[in-house]
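Enquirer: Below is the sequence, then the predicted model.
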Amino acid sequence: MKPSRWLRRYFGFSRRETSGFVVLLGLLVALLVLPPLVRPRLATYNPATDQQQLDALAAELAAQRQARPTYASNSRYPRRTYVARARVPQVALAPFNPNSFAVTDWQARGLPEWLAKRLVKYRDVVGGFRAKEQIRKAYGLSDTTYARLAPYIQLPEQLPAREARTYASRYPANSTYPARTESGTAPSKFARKPRNLQPFDLNAADTTQLMQIRGIGRGLSGRLVEYRQRLGGFLRAEQLSEIYSLRDAPDLVDSLRKYTFVRAGFAPAMLDVNNAPFEVLQAHPYMGKRLARVLVAYRQQHGPFHQPTDLRQIRVLDEATYLKLQPYLVLK
């Protein structure tokens, strides 16, 4: 049986598909066989020349390299050599004056060299030891070593008490000073505030009366009077806490409530919302610039207000502000 016929039967190819398959198979075989035949023959590599060049370069580098010192087999660094220290013979403890000691003298009493040098330097800085407590405070001297040396140190235990120093005064000896009070303090240039203060009218009080209350000074009393004038008068003592300087001072508010009162029947200064200009409206503490601007614009657009409840039509006016403003409103 012909190969082409066997291919058609085995794969179910048509005559044309069989011809194409044979051509494709021939091309694949050609791609596998032709490259080795077409590739040019490469020259045979001889490594001897390159090996000679590498050997010559290695010999040149070895000749330029400095000889490395040989250290111990387990270390890459040279072994340090230290100068042998002379041993200081020890002596028996006996009474001594530390101000005449050198470094070797301290070493002979059992102290290491670094501590002996520190004590000598410390002595030179302070100008000589005057008491044992100075030596005890030396940095690095342990309590055990100090207890061993302390009985033989020929110095007092504590430093002598300092004498009271006298300084030259810029005031003459016969100068006169203000007389002191019974409590021993000089009288102040400020008048003392009375302890038993009679209550007074909050809306009629001036800064002098307000300053008689403890904690109320010149600045705070001035701000309180200025707020009262802008408000038109206080109707309740609770309005004192609305002042900015008194918001975080409840003790001062309590003192003001204790020594002041609002007179019954007090009539505050009224605020004419139909005729008052913007400058007057915005100065009122309960009004402000934003609400005053909206009120004037509403008044110009819709006409004058006929009753206080008409102000509720202004959206930026909340209920709490309206209730605070109501006692001060007047419509003309």
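Expert: It's in. Residues are numbered from 1 along each chain as shown.

Enquirer: what number of residues lie near Leu231?
Expert: 22 (other Cβ atoms under 10 Å). Backbone N, C-alpha and C define where each C-beta goes, glycine included.

Enquirer: With the one 3 residues further on instead?
Expert: Neighbour count for Phe234, taken as other Cβ under 10 Å: 21.

Enquirer: Kindly indicate whether it is helix, strand or coil.
Expert: coil (DSSP: H, G, I helix; E, B strand; the rest coil).

Enquirer: Just confirm Ser241 contacts Asp251, I think it does.
Expert: No: look at Ser241 against Asp251 with Cβ atoms under 8 Å: they stay out of range, at 11.8 Å.

Enquirer: who's more crowded, these two?
Expert: With neighbours defined as other Cβ under 10 Å, Ser241 and Asp251 compare such that Ser241 has more, 15 against 10.

Enquirer: For that one, give me phi and psi.
Expert: When read as degrees, to the nearest 10, the backbone of Ser241 gives phi -70, psi -10.

Enquirer: Quick check: it vs Met211, distance?
Expert: According to Cβ to Cβ, to the nearest Å, Ser241 and Met211 sit 20 Å apart.

Enquirer: And the helices in the stretch 51-200 of the chain?
Expert: Assigned by DSSP state H, counting those that start in this stretch, the helices in the stretch 51-200 of the chain fall at 103-108, 113-126, 132-136, 143-149.

Enquirer: in the longest one, what counts as buried?
Expert: The reference is to helix 113-126. Leu115, Ala116, Arg118, Leu119, Val120, Tyr122, Arg123 (16 or more other Cβ atoms under 10 Å).

Enquirer: With distance to Pro268 and pLDDT as new columns, can those residues be given to me in JSON lines?
Expert: Shown next, in JSON lines, are those (distance: Cβ to Cβ, whole Å; pLDDT from 0 to 100):
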{"residue": "Leu115", "distance to Pro268": "86", "pLDDT": "92"}
{"residue": "Ala116", "distance to Pro268": "90", "pLDDT": "92"}
{"residue": "Arg118", "distance to Pro268": "83", "pLDDT": "93"}
{"residue": "Leu119", "distance to Pro268": "85", "pLDDT": "93"}
{"residue": "Val120", "distance to Pro268": "87", "pLDDT": "93"}
{"residue": "Tyr122", "distance to Pro268": "80", "pLDDT": "92"}
{"residue": "Arg123", "distance to Pro268": "84", "pLDDT": "92"}
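
Enquirer: Quick check: the farthest pair among those?
Expert: Using Cβ to Cβ, the buried residues of helix 113-126 span at most 12.7 Å, a distance reached by Leu115 and Arg123.

Enquirer: which non-adjacent residue is nearest Val126?
Expert: Leaving out its chain neighbours, the residue that sits closest to Val126 by Cβ to Cβ, 6 or more residues apart in numbering is Gln134, at 6.6 Å.

Enquirer: OK, contacts around the one you found?
Expert: Contact analysis of Gln134 by Cβ atoms under 8 Å, 6 or more residues apart in numbering lists Tyr122, Val126, Leu159.

Enquirer: Work out which residue lies at the spatial centre of the protein.
Expert: Centroid check for the chain by Cα atoms, centre = their mean gives Asp248 as the closest residue, at 26.2 Å.

Enquirer: ok, now how distant is that one from Ala267?
Expert: Distance, Asp248 to Ala267, by Cβ to Cβ: 32 Å.

Enquirer: can you check Val88 too?
Expert: Val88 is 103 Å from Ala267, where distance means Cβ to Cβ.

Enquirer: and what of Phe101?
Expert: Noted for Phe101: a distance of 96 Å to Ala267, by Cβ to Cβ.

Enquirer: Please report how far Pro250 lies from Gly215.
Expert: Applying Cβ to Cβ, the value for Pro250 to Gly215 is 11 Å.

Enquirer: scratch that, Ala59 is what I was asking about
Expert: Taking Cβ to Cβ as the measure, Ala59 falls 100 Å from Gly215.
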